[in-house]
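**Student:** give me a model of this one.
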Amino acid sequence: MGGYGNGYGYGMMGAYGAYAYSERSVPAARVAALGDSAPSGATVDPSANRVVFASRAVTLVVVASPSGQRDETFRIAGLVNPTVVVPVGAAVHLTLVNADTGMYHNLVVTPAGPPFSYMAMMQAPLAFPGAATPLMPPATTSASPSAATAFVAQAAGTYTYLCTYPGHARAGMYGRLIVRPS
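**Tutor:** Down below sits the predicted model:
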């Protein structure tokens, strides 16, 4: 565990208890490619704004507020705030890259759904242990901070992934995660 804290809570906007994550920086030149790359083992359907995984081994890269895209949005596999579908029991390895040079971002998976208040962190309990990244500082012109976490999508249902920084989810920084029965 490193630079953004010890992984045992960050106060109101990131206090989800103990969760495992790792962090690093991504060179600015790689960020766009990460947000546009189709994940291994996934089917990307732009017309439905959906990314579907058939396997229980899910690796997902999410870019927060990439350049050329509306602020307070996520980019996954070239799509903006897509619905991500995984099978129940999937081991999800998620990396969030903060491409925003002016704002903090995180990602939390929650059973709560929209509409979200300005203080979405108050209505966004974790859906699964480990299903959150810490708030990450803004990107610089040379690199974007990233954090990785892992969780198991234990129960079928519809969940929301969102940024809990004040006002971001209310502004549209969220998407759906569907955990489908096997």
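**Student:** where are the low-confidence patches of the protein?
**Tutor:** Confidence mapping of the chain against pLDDT under 70 gives the ranges 1-23.
**Student:** residues contacting residue 173?
**Tutor:** 64-65, 72-74, 81, 105, 162-163 (Cβ atoms under 8 Å, 6 or more residues apart in numbering). Using the backbone N, CA and C atoms, a C-beta is placed for each residue, glycine as well.
**Student:** again, only using 7 Å
**Tutor:** Residues in contact with residue 173 (Cβ atoms under 7 Å, 6 or more residues apart in numbering) are 72-74, 162-163.
**Student:** in this protein, which spans are helices?
**Tutor:** Taking DSSP state H to define them, one finds helices in the chain at 28-36.
**Student:** longest strand anywhere in it?
**Tutor:** Using DSSP state E, we find that the single longest strand of the chain is strand 143-153.
**Student:** who does that one touch, helix- and strand-wise?
**Tutor:** Using 3 or more Cβ pairs under 7 Å, 6 or more residues apart in numbering; DSSP states H and E, the elements in contact with strand 143-153 are strand 21-27, helix 28-36, strand 90-98.
**Student:** for residue 142, which non-adjacent residue is closest in space?
**Tutor:** The shortest distance from residue 142 to any residue other than its chain neighbours is 5.5 Å, reached at residue 28 (Cβ to Cβ, 6 or more residues apart in numbering).
**Student:** neighbours of that neighbour, how many?
**Tutor:** By the measure other Cβ atoms under 10 Å, the count of residues near residue 28 is 16.
**Student:** returning to what we had before: let's have the helices and strands packed on strand 143-153 in a markdown table, adding distance to residue 178.
**Tutor:** Formatted as a markdown table, the helices and strands packed on strand 143-153 follow (distance: least, Cβ to Cβ, whole Å):
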| stretch | distance to residue 178 |
| --- | --- |
| strand 21-27 | 23 |
| helix 28-36 | 21 |
| strand 90-98 | 11 |
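**Student:** and among these, the most buried is which?
**Tutor:** Of the helices and strands packed on strand 143-153, the one with the most neighbours on average (mean count of other Cβ atoms under 10 Å) is strand 90-98, at a mean of 22.
**Student:** and it, how far from the chain's centre?
**Tutor:** Chain-centre distance of strand 90-98: 7 Å, with Cα atoms, centre = their mean, to the nearest Å.
**Student:** just want the angle from it to strand 143-153.
**Tutor:** Orientation check (axes from the mean of the first three to the mean of the last three Cα atoms, to 10 degrees): strand 90-98 against strand 143-153 gives 160 degrees.
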